[in-house]
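A.B. asks: here is a sequence together with a model predicted from it:
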Amino acid sequence: MSGPLLEVAGLGVDAGDVPLVRDVSFAVERGERVGVIGESGSGKTLTALALLGLLDDGLRASGSVRLDGVPFDLVGAGDRELSGIRGRLAGMVFQEPMTALNPVMRVGPQIAETLRLHGARPTRAAARATAVGLLGRLRLPDPVRAARSYPHQLSGGQRQRGVLGIALANDPALLICDEPTTALDVTVQKEIVDLVTGLSDERGTAVLYISHDLALVASVCHRVLVMYGGRIVESGPVERVLSRPAHPYTEALLAACDLTPGTRPRAIPGSVPPPGAAAADGCVFRDRCAHADDACAVRPEGGTVACWHPRTGPVSAVAPETDVPPRPAPGPVLLTARGLTRRYARPRARPFARRAFLTALEDVGLELRAGRRLGVVGESGSGKTTLLRLLAGLDRPTAGTVSTGSAGGGSGIQVVFQDPMGSLDPRMRVRDIVAEPLRAGTGTAARVAEALAAVGLPPDAGARYPHQFSGGQRQRIAIARALAPDPSVLLADEPVSALDVSVRAQILDVLREVTEERGMGLCVVSHDLGVIRYLCDDVMVLWQGKAVERGAVEDVWERPEHPYTERLLGAIPAALHR
Amino acid sequence: MRFFLRKIAGLLVSAVVASFVVFAFLAVLPGDPAEVALGTNATPDAVAALRHEFGTDRPLVVQYLDWGRGLLHGDFGTSYVTHDLIGPRITDRLGVTCWLAAGGMLVAVLLALPAGVLAAAWHRRAAGTVLSALSQAGIAVPAFLAGILLVYVFAVRAGALPAGGYTPLADDPGEWARHLVLPCLSLGLVQGAVLTRYVRSAVLTVLHQDFLRTARAKGRRRRAALWRHGLPNAAVPVLTVLGLQLSTLLVGAVVVERVFVVPGLGDLLLQGVADRDLLLVQGVVLVLVVAVLVVNVLTDLLYHLADPRLRSR
């Protein structure tokens, strides 16, 4: 047993003649946890899939991937050879626990299957018993029942434990995790992450942990690789990379992530490189880099930092915001909700049985004043989206009232939704999307242009279709559409959770600026307390349909009173600096 | 179990409604059986007497209830034209049509499963495109045309199979099968072409699902993963289509029976219509409707068995 467990050299991935990943080289030692950080399109998932030959049909890997104890190169090996390695020497956990399990098969047999495919090939009964034991070790409350359940009968966290069970069944030396907690609630995320690190320590399992979340990677890994545009731009020990980033991209990413209030997160200008940039001449990041010069036209070949002008010294403290106007005094009340309750009737168990009800929201009240920003934080099932729908008038409360104040310039409520892909009609031009809430008449074109300008989109954006824009730009379109009728209140449902870190800050700033300039009231719903803290004045914590805590954001952040709020705060991976 | 009972109850209600609709439809159609039976030269008295004998002079409600009471005892009434019992005639013919539909279904499934799975697995290759194109062409061909073509090639040119007619299974199993081959093929080929497209798209959807990747990450080989995890999932939407198709096949059999001179329900139905034998037509149509309803309920049940997500609701 000499040399590293996993050794990747010059790995590349191509879709036809489009290079998506280039020159990825790294090694993972036994028991080591290595993080791969990158935004969408950075090639991090492709890299992970290429390691085990799981790329889609149209994609081709090149280079070399050696796993200790395997006599052949994994790149170019046949399905037969690779299938003897997958699930035995290397396990893999995927992003979406909802879809990663076979929906028509019980969870126990799905885990047992992995056991029966390799090694000792136990009997069906023995494998199932082992599977139950494994689920117990993954701290599922009732492993026997969980093993007998179908995936849809389990929660997201429970399902992800099932997927972990599949990956760990044969006690592999390497575990590859591709964003294993991105789809989960923060508190569940912490449980899963603790489980992975705990098992890794206990059994000496090496982990390759892929994520866009820097803080999370910092809490899990020993070493980190930063990917951008299909290449590794920087690598090194976690503490060094995250405290003294050498590559300008890493530095910019860290700055964009920092949502400390009172600072202005510096969003990375420009947009993610197009597919194929990986093989282009020169540094992949130079178009967006503040330090780029002529030297950057030649591709930097670096050991740990692929840059001609590496940054030295500690990360420059994020510039305190100087141009922030003082917070205006709260204006008149724009929106009042009292005793909002929403119950859903469940289908009757038998004909004529009494109806059971599910209470999604119970006796929640709030007041939104002009110029104030209220954050509503909670996990899935907390009732936060229900609350937003009631406020927007998209749903009727079972009890309680929503009233809009007559004071204030504009009128009406507009909503920005979570998914900028799904919430815009793909067949409409942007100008028609933005104009839709307006009454037809004169001045429509001017209002559309003004709304597009307010969110920082170029004037010619109106003539194009949504699919021609990136995720961040699409969210700007959604905000422009909401602004067009000049509402007095803007509601936003997870406005940045579908976006990359580098554009998240931009969208938050857009939301902040437009509401500030227009003296609007803003109510933001999010699962991310950091986002709320950055953007809002006040916060309300929802838990199981009830408002368990409310107050000024900083007070709640510093001195949470309700145990749930404390748990929520505790689950946020330790801050990077400070 | 509760689901099963609910479905059965729904089936019974639908059947009663169907019987009413069928009866009402034929009652408002022009063409008095008594007039037809006696010809144009009959005296009004004779017509009235025959009406009385048929019972068609009674109020419609009484006629319906009388017919319905009979049905409950398995009595479909007596034919106006041939004066024999309709029930046994229908059951005789129903067997033939069921064989035909089942055979057609078998052909369709045997054709569509491999073709659809291969077309999906090879969707990036030329072979997959060719399979898709063939199934597209197959959809465009009506069953009776396929039938005529098949008769021309296999019966007229090659002389290998009979062009028409029917031998009951009990008389000579060999001849029975030989007579069924061409009608079943002409029914099944077209349905198979349609089904191929559904199988292809179901498998294609499944191919890109995460759980298939999980299965491969476990160490399943590509083909085994598709077989073990992909197909059970692809089966769910295909089952629904299969149920719809079986209904189509029952009705499609009516046309194909005509082409191949097979004495099935369709043949009986057309005969009944030609003779203005209203009771016969009513009986046959009701049997076809109930058969379609039963097929639908069976499909629903299968659908439930195939997808646990539906079971726990």
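C.D. replies: That came through, no problem.
A.B. asks: which pLDDT value goes with residue 266?
C.D. replies: Just going to use chain A. Listed pLDDT for A:R266 reads 69.
A.B. asks: wait, I meant chain B there
C.D. replies: Per-residue pLDDT puts B:G266 at 84.
A.B. asks: which ones are touching it?
C.D. replies: B:G266 sits next to B:97, B:253-258 when contact means C-beta atoms under 8 Å, 6 or more residues apart in numbering or on different chains. Any C-beta I mention is one placed from the backbone N, CA and C, and that applies to glycine too.
A.B. asks: and A:R369, what does it touch?
C.D. replies: For A:R369, the contacting residues are A:330-334, A:521, by C-beta under 8 Å, 6+ apart.
A.B. asks: the same query, at a cut-off of 10 Å, please.
C.D. replies: When contacts are counted by C-beta atoms under 10 Å, 6 or more residues apart in numbering or on different chains, A:R369 touches A:328-336, A:405, A:407-408, A:519, A:521, A:537-538.
A.B. asks: hang on, the earlier thing: and which of the contacts of B:G266 is nearest chain A?
C.D. replies: Closest to chain A out of the contacts of B:G266 is B:A253 (32.8 Å), distances taken as C-beta to the nearest C-beta.
A.B. asks: list of residues touching stretch B:93-102?
C.D. replies: For stretch B:93-102, the surrounding residues in contact (C-beta under 10 Å, 6+ apart) are B:90, B:166, B:168-169, B:176-177, B:179-180, B:183-184, B:187-188, B:191, B:245-254, B:256-257, B:260, B:262-269, B:271, B:284, B:287-288, B:291, B:295.
A.B. asks: helices - which of those residues land there?
C.D. replies: Under the assignment DSSP state H, those contribute B:90, B:176-177, B:179-180, B:183-184, B:187-188, B:191, B:245-254, B:256-257, B:260, B:265-269, B:271, B:284, B:287-288, B:291, B:295 to helices.
A.B. asks: tally of neighbours for the residue in the stretch 451-578 of chain A positioned nearest to chain B?
C.D. replies: Of all residues in the stretch 451-578 of chain A, the one sitting closest to chain B is A:A498 (18.2 Å; C-beta to the nearest C-beta). A count of nearby residues for A:A498, using other C-beta atoms under 10 Å in any protein chain shown, gives 19.
A.B. asks: that one: what's its closest spatial neighbour, skipping adjacent residues?
C.D. replies: In space, A:A498 comes closest to A:D419 once its chain neighbours are excluded; the distance is 5.4 Å by C-beta to C-beta, 6 or more residues apart in numbering or on different chains.
A.B. asks: how about the one you found, what does it touch?
C.D. replies: So, once contact is read as C-beta under 10 Å, 6+ apart, A:D419 ends up touching A:471, A:474-475, A:478, A:493-494, A:497-498.
A.B. asks: distance of it from chain B?
C.D. replies: Going from A:D419 to chain B by C-beta to the nearest C-beta, to the nearest Å gives 19 Å.
A.B. asks: check residue 194 and give its pLDDT.
C.D. replies: Chain wasn't specified; assuming chain A. Model confidence at A:D194, given as pLDDT, is 91.
A.B. asks: um, chain B though
C.D. replies: Note for B:V194: predicted pLDDT of 88.
A.B. asks: swap in A:P237?
C.D. replies: Listed pLDDT for A:P237 reads 94.
A.B. asks: grab the nearest non-local neighbour of it.
C.D. replies: A:R223 (5.6 Å).
A.B. asks: how about B:N296?
C.D. replies: In space, B:N296 is closest to B:G243, 5.9 Å off (C-beta to C-beta, 6+ apart).
A.B. asks: so which residue of the stretch 1-150 of chain B comes closest to chain A?
C.D. replies: B:R124 (5.9 Å).
A.B. asks: tell me the spacing between that residue and A:A100.
C.D. replies: 24 Å (C-beta to C-beta, to the nearest Å).
A.B. asks: which one's more surrounded, those two?
C.D. replies: Taking neighbours as other C-beta under 10 Å, B:R124 and A:A100 compare with A:A100 leading, 29 against 10.
A.B. asks: next, the contact list for the residue in chain B that chain A sits nearest to, please.
C.D. replies: Proximity of chain B to chain A (C-beta to the nearest C-beta) peaks at B:G219, 3.4 Å away. Going by C-beta under 10 Å, 6+ apart, B:G219 touches A:52, A:82-91, A:113-114, A:116-118, A:169-170, B:225.
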